[in-house]
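I need the structure of the sequence given here:
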Amino acid sequence: MDEQNLQQLFDLLDTLPNPVTLNQLSYDENNQAYDKIIYVNKNFKDSIGYTVEDIPDDRTWFTKAYPEKSYQEYIATEWFKAVEHAQKEKTGLTGFPARVHCKDGTDKWFNITSQLDHPINDNLRTIVFLQTDSPTDTKLKLDEKSLDLMHERALLQTIINTVPVRIFWKDLDGVYLGCNKAFLDDAQLNYESEIIGKTDYDQVWKEDAERFRKDDKSVCDSGIPKLNYVEEQPQIDRDTIILSTSKVPLKDISGETIGILGLYQDITQEYKAKQEVEDQKELLLVQSKQAAMGEMISIIAHQWKQPLTTIAAAVSGIQVQQVLGNSTAEDLNKQSDLIMNQVQYLSQTISDFRNFFKQNKEQKMIEAEDVVNEALLIIGKLLENNAIELRTSYLATKHFSTYINELQHVFINLIKNAADSLIENKKAGKWIKVSTYDDDEFIYFEISDNGGGIDTKVMERIFDPYVSTKSDQIGTGLGLHMTQTIIQKHLNGSITCKNSDEGAVFIITLPLVLD
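Predicted coordinates for the structure are as follows:
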C-alpha cells in the first residue's frame, strides 16, 4: 500500500467512534511473527492514552495493557480460546473481554475484536476496542458492527474519491471535516488529515476565504440548497479555475443543520471554450455591423444620387442663363426653390438614418404597417432608382411590442438582399412584395421577390455566417446571419426561408408581446 493510500486509511480510522489500532504483520530475527502497531486512531489515544511510540508492537502492548503476570496468562488463554472458537465457527473475527491498564493509570474494560488474518493488503489488520461497564457486557456482534462500519466508510470513501467531482464537508464554523481526493488536489494537499480541522483561511484560496464562508453561512442559515452556480477559485502558481458549485445544508437525524456539504466541477476548459465562442460571436457582430454600415452608405448613395443630380442641373442652368444674359428674377426663384426642396430632402434623409442608428433599447407598441414603412423611408429610393416595383399587402391589424430599430434593420437587410439579387440578375419586370398578417399570438411578415429563388445547396446554410447568395464583389455573407440573430436573440421570434415559383420568400414570426 503506497503512502497516499495508507494516509487515507489513517484518516478513515480517525472517523470511527471506537478505539482502533492498525497492525502490520512482521517477523523478528528468529523469524517469529508478531504485529507491528503502525497507527492508533484518535479515539484510541483519547480513551486508552497510548501512542504508537508507547506501544510500537503487540508484545509491548501486551506488557503495558496487562502489567500483572497472572492476568497476562489469563489473557493469553482467553486469546487462544477465542481463536479456536473462531476457527471452529469459520469466522474471520475473534474477540474476548479484557481489563486494560490505560496510560493514565486507570483500568477500563473493553470488548476487543481482532481480525484473525491480515486481510488489508495481505499484511494489515485492525484491532477494535468497545468499552464496556463490566466483563459481562460481552457482545461480539457490536464489535463486528464496528468493523462493518469501518468497511462501509472505506467503501464510501472509495466512491467519493472516484466520482469526477470535488466533494467537501464543513461544520457550522466553516471547519473542514473531510473531502475527497479531487478536492485535495485543488487544495494542493496530499492527505485528508492536512485539511481536517482547517478553514478556508488556511487554503491556497485564502484571499477569497471570506466570500466562500459567507456563501456557506447563507446556505446553513437559510437551510436552502444553492445549486449549479459559477464562481472562481484562485490558485497559487496556477491560473484561476472556474467552478460550477452546489452547496446543501448537512442535517442530523433530528433535522437540525450541523454543517454544509459542497461539491463542484472544474469547468475551466468548458468556460474557456464557451468564451471563445462568445468572442467569435462578438467578432461576427462587429464584422456584421461594419458590413451593415457599408450597406447603409450604399443606400445613402442611392438616396442622394437623384437629389444631387437635380441640384447640379439647377446650378448649371442658373450659370448658363447668366452667361447668355437671359436670367430673370422669376427663373432664379424657381431654381432656388428647387434646390432648397432637394436640400430639405437630403436633410430628411440624414435624420432618417440618424434615427435608425440610435441605440434605442426601449420596447414600443406599433402596427406592422408602420414599422415596414419606417424601413422603406430608408430603402425605398434604392428600389425606385432601379425600377423595382414595391408591392404591399398589409393584413395585420394588431399592435405588437418590439424594438423598432432592430426590426427595421431586419427589413432593410432582407429588402436590400432581394434588390441586389434582382439587379445582379438583370431581371425584367422586377418586384419585391412585403406582406403582413396576424393571429391571436403572433404577427407575420413575408418578404418575397421574383428573382428566381435561392440554390437549394445554399438554402440549407442560408443563415450561417459567411454564406452569401450574392457575388463575391457585393456579398459578405453576414447580413442574413445577423438578421437571424436579431430575430431569435433580441426579438424572441423565428425566420425561415423557402422558394416559391417566382423567387425567394422569407417569413418572420414575432410574438405580439415581447417578454
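
strands of the stretch 201-350 of the chain, start to end?
Counting by DSSP state E, counting those that start in this stretch, the stretch 201-350 of the chain has these strands, from start to end: 226-233, 241-251, 257-266.

neighbours of residue 332, how many?
14 (other Cβ atoms under 10 Å). Bear in mind the C-beta positions are built from the backbone N, C-alpha and C, glycine included.

which residues does it contact?
Residue 332 makes contact with residue 318, according to Cβ atoms under 8 Å, 6 or more residues apart in numbering.

of the strands of the stretch 201-350 of the chain, which is nearest residue 55?
strand 257-266 (34.1 Å; Cβ to Cβ).

residues contacting that closest one, please?
164-172, 177, 186, 216, 219-220, 223, 241-252.

let's see 6 Å
Residues from elsewhere that reach strand 257-266 (Cβ atoms under 6 Å, 6 or more residues apart in numbering): 165-172, 216, 219-220, 223, 241, 243-252.

partner strands of that strand and their direction?
Counting by DSSP bridges, the strands paired with strand 257-266 are strand 166-171 (antiparallel), strand 241-251 (antiparallel).

any idea which helix or strand in this structure has the lowest mean pLDDT?
Scoring the helices and strands of the chain by mean pLDDT, DSSP states H and E places helix 140-162 at the bottom, with a mean of 57.

next one: residue 136, what pLDDT does it get?
pLDDT for residue 136: 53.

so how do I select the buried members of the contacts of strand 257-266 in PyMOL?
Remark: buried members of the contacts of strand 257-266, expressed as a PyMOL selection using 16 or more other Cβ atoms under 10 Å:
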select buried, resi 166+167+168+169+170+216+219+220+241+243+244+245+246+247+248+249+250
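
now residue 498. Nearest residue, chain neighbours left out?
residue 505 (5.3 Å; Cβ to Cβ, 6 or more residues apart in numbering).

and residue 363, how many neighbours?
13.

repeat for residue 393
11.

okay, now the residue nearest to residue 498: neighbour count?
The burial count for residue 505: 18, using other Cβ under 10 Å.

that's a strand at it, yeah?
Yes: counting by DSSP: H, G, I helix; E, B strand; the rest coil, residue 505 falls inside a strand.

need the pLDDT of it.
What the model reports for residue 505 is a pLDDT of 94.

quick one: it and residue 194, what's the gap?
68 Å (Cβ to Cβ, to the nearest Å).

what ranges do the helices span in the stretch 1-150 of the chain?
Under the criterion DSSP state H, counting those that start in this stretch, helices of the stretch 1-150 of the chain are mapped to 3-14, 42-47, 58-65, 69-89, 140-162.

gap between residue 401 and residue 493?
12 Å.

please read the previous query as pertaining to residue 424.
29 Å.

per-residue confidence at residue 382?
pLDDT, residue 382: 79.

distance of it relative to residue 328?
Noted for residue 382: a distance of 38 Å to residue 328, by Cβ to Cβ.

can you check residue 115 too?
From residue 115 across to residue 328, the span is 126 Å (Cβ to Cβ).

one step back: which of the strands paired with strand 257-266 has the lowest mean pLDDT?
Across the strands paired with strand 257-266, strand 241-251 gives the lowest mean pLDDT, at a mean of 86.

identify the residues contacting that one?
With Cβ under 6 Å, 6+ apart, strand 241-251 has contacts from 219-220, 223, 225-231, 233, 257-268, 271.

tell me which element residue 480 falls in.
helix 479-485 (DSSP states H and E).

now the very next helix or strand once past that helix: buried residues?
Sequence order places strand 494-499 as the next helix or strand after helix 479-485, per DSSP H and E. By neighbour count on 16+ other Cβ under 10 Å, the buried set for strand 494-499 is 495, 497.

surely residue 451 meets residue 421?
Yes: Residue 451 lies in contact with residue 421 (Cβ atoms under 6 Å); the separation is 4.3 Å.

need the three-state assignment for residue 436.
Taking three-state DSSP, the label given to residue 436 is strand.

okay, now it: neighbour count?
20.

how far away is it from residue 443?
7 Å.

now do residue 242
Using Cβ to Cβ, residue 242 is found at 41 Å from residue 443.

these two - which one has more neighbours?
Using other Cβ under 10 Å as the criterion, residue 242 and residue 443 rank with residue 443 on top: 23 against 20.

what pLDDT is listed against the residue lying closest to the more buried one once chain neighbours are set aside?
Excluding its sequence neighbours, the residue lying closest to residue 443 (Cβ to Cβ, 6+ apart) is residue 400, at 4.9 Å. Turning to residue 400, the model gives it a pLDDT of 93.

what of residue 501?
Value listed for residue 501 in the pLDDT field: 89.

now residue 470
We have a pLDDT of 55 for residue 470.

hey, what's residue 393 bridged with?
Bridge pairing for residue 393 (DSSP bridges) gives the partners residue 435.

what about the closest residue in space to residue 454 that isn't next to it in sequence, neighbour count?
Of all residues not flanking residue 454 in the chain, residue 504 sits nearest, at 5.1 Å (Cβ to Cβ, 6+ apart). Per other Cβ under 10 Å, the neighbour tally for residue 504 reads 23.

I figured residue 504 hits residue 453, correct?
Yes: Residue 504 is within contact range of residue 453, at 5.3 Å (criterion: Cβ under 6 Å).

tell me what the host helix or strand of residue 445 is packed against?
Here residue 445 sits within strand 442-449, counting by DSSP H and E. Under the contact definition 3 or more Cβ pairs under 6 Å, 6 or more residues apart in numbering; DSSP states H and E, strand 442-449 sits against strand 431-438, strand 504-511.

as a whole number, average confidence for that strand?
95.

quick one, that strand and strand 431-438 angle?
Calculated by axes from the mean of the first three to the mean of the last three Cα atoms, to 10 degrees, strand 442-449 forms an angle of 170 degrees with strand 431-438.

partner strands of strand 442-449, parallel or antiparallel?
The pairing partners recorded for strand 442-449 under DSSP bridges are strand 431-438 (antiparallel), strand 504-511 (antiparallel).

can you lay out those as JSON lines showing distance to residue 313?
Listed next are those as JSON lines, based on distance: least, Cβ to Cβ, whole Å:
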{"stretch": "strand 431-438", "distance to residue 313": "29"}
{"stretch": "strand 504-511", "distance to residue 313": "38"}
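
right, and the ones you listed - which one's nearest residue 362?
strand 504-511 (16.7 Å).

return the distance of the closest one from the chain's centre.
How far strand 504-511 lies from its chain's middle: 33 Å, per Cα atoms, centre = their mean, to the nearest Å.

can you redo the helices of the stretch 1-150 of the chain as JSON lines with mean neighbour count and distance to residue 364?
As requested, the helices of the stretch 1-150 of the chain are exported to JSON lines (neighbours: other Cβ atoms under 10 Å; distance: least, Cβ to Cβ, whole Å):
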{"stretch": "helix 3-14", "mean neighbour count": "17", "distance to residue 364": "64"}
{"stretch": "helix 42-47", "mean neighbour count": "16", "distance to residue 364": "70"}
{"stretch": "helix 58-65", "mean neighbour count": "16", "distance to residue 364": "87"}
{"stretch": "helix 69-89", "mean neighbour count": "13", "distance to residue 364": "87"}
{"stretch": "helix 140-162", "mean neighbour count": "15", "distance to residue 364": "55"}
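
closest one to residue 498 among those helices?
helix 140-162 (52.7 Å).
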